[in-house]
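**Q** Structure for this input, please:
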Amino acid sequence: MEQDKKSEVFAIILITFGLLLLLGLVKCRFGLFGKYVCFYILFLFNKASFLIPLYIIYRGVLVFQNKAVKQVYLRVPAFSGIFFFFSIFLELVNRPKDWGGWIGQVIVKGLFGP
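**A** Residues are numbered from 1 along each chain as shown. The predicted structure follows:
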């Protein structure tokens, strides 16, 4: 019973953090700290950065439903890999518009040249 309450509180914190991060990425108006977080996440990943809060909300819902996978050490690197490939994909598809962020630019320029 105690573990269920802890996991529910953790899930609510995850969902709230994900929603605030998503709202912060859309508006960029949550104080000085929010502006810096928004700037650096959008600088690094641009359009792909919207996957981060969606994934955090998804994990929070899974924890809340007690369906969280015990092998988190496999899920987080898998999401990170998919996230980087998505950033590269956005950079390749919309190359002059810089949709992949700084990470996408560096990887694409390293692989395919300027």
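**Q** What are the buried residues along the worst-scoring helix or strand of the chain on mean pLDDT?
**A** Lowest on mean pLDDT, DSSP states H and E among the helices and strands of the chain sits helix 72-93, with a mean of 81. Neighbour counts over helix 72-93 (16 or more other C-beta atoms under 10 Å) mark Phe83, Phe84, Phe86, Ser87, Ile88, Leu90, Glu91 as buried. The C-beta positions use only the backbone N, C-alpha and C, and glycine is treated the same way.
**Q** try stretch 56-72
**A** Ile56, Ile57, Arg59, Gly60, Val63, Phe64, Ala68.
**Q** The second one and Ile13 touch, don't they?
**A** So that's Ile57. No. If you go by C-beta atoms under 8 Å, Ile57 and Ile13 don't touch, sitting 11.6 Å apart.
**Q** by contact count, what packs against the helix ranked longest in the chain?
**A** If you go by DSSP state H, the chain has its longest helix at helix 2-27. Counting contacts by 3 or more C-beta pairs under 8 Å, 6 or more residues apart in numbering; DSSP states H and E, helix 2-27 is packed against helix 31-45, helix 51-64.
**Q** any residues touching the shortest one, and which ones?
**A** With contact meaning C-beta atoms under 8 Å, 6 or more residues apart in numbering, helix 51-64 is reached by 7-8, 10-15, 17-19, 21-22, 25, 41, 45, 68-69, 79, 83, 86.
**Q** Just the buried ones out of the residues you listed, please.
**A** Ala11, Leu14, Ile15, Gly18, Leu21, Leu22, Leu25, Ile41, Phe45, Ala68, Phe83, Phe86.
**Q** and the closest residue to Leu20 other than its chain neighbours, how many neighbours?
**A** Among residues not flanking Leu20 along the chain, Phe30 sits closest, at 7.2 Å (C-beta to C-beta, 6 or more residues apart in numbering). By other C-beta atoms under 10 Å, the residues close to Phe30 number 16.
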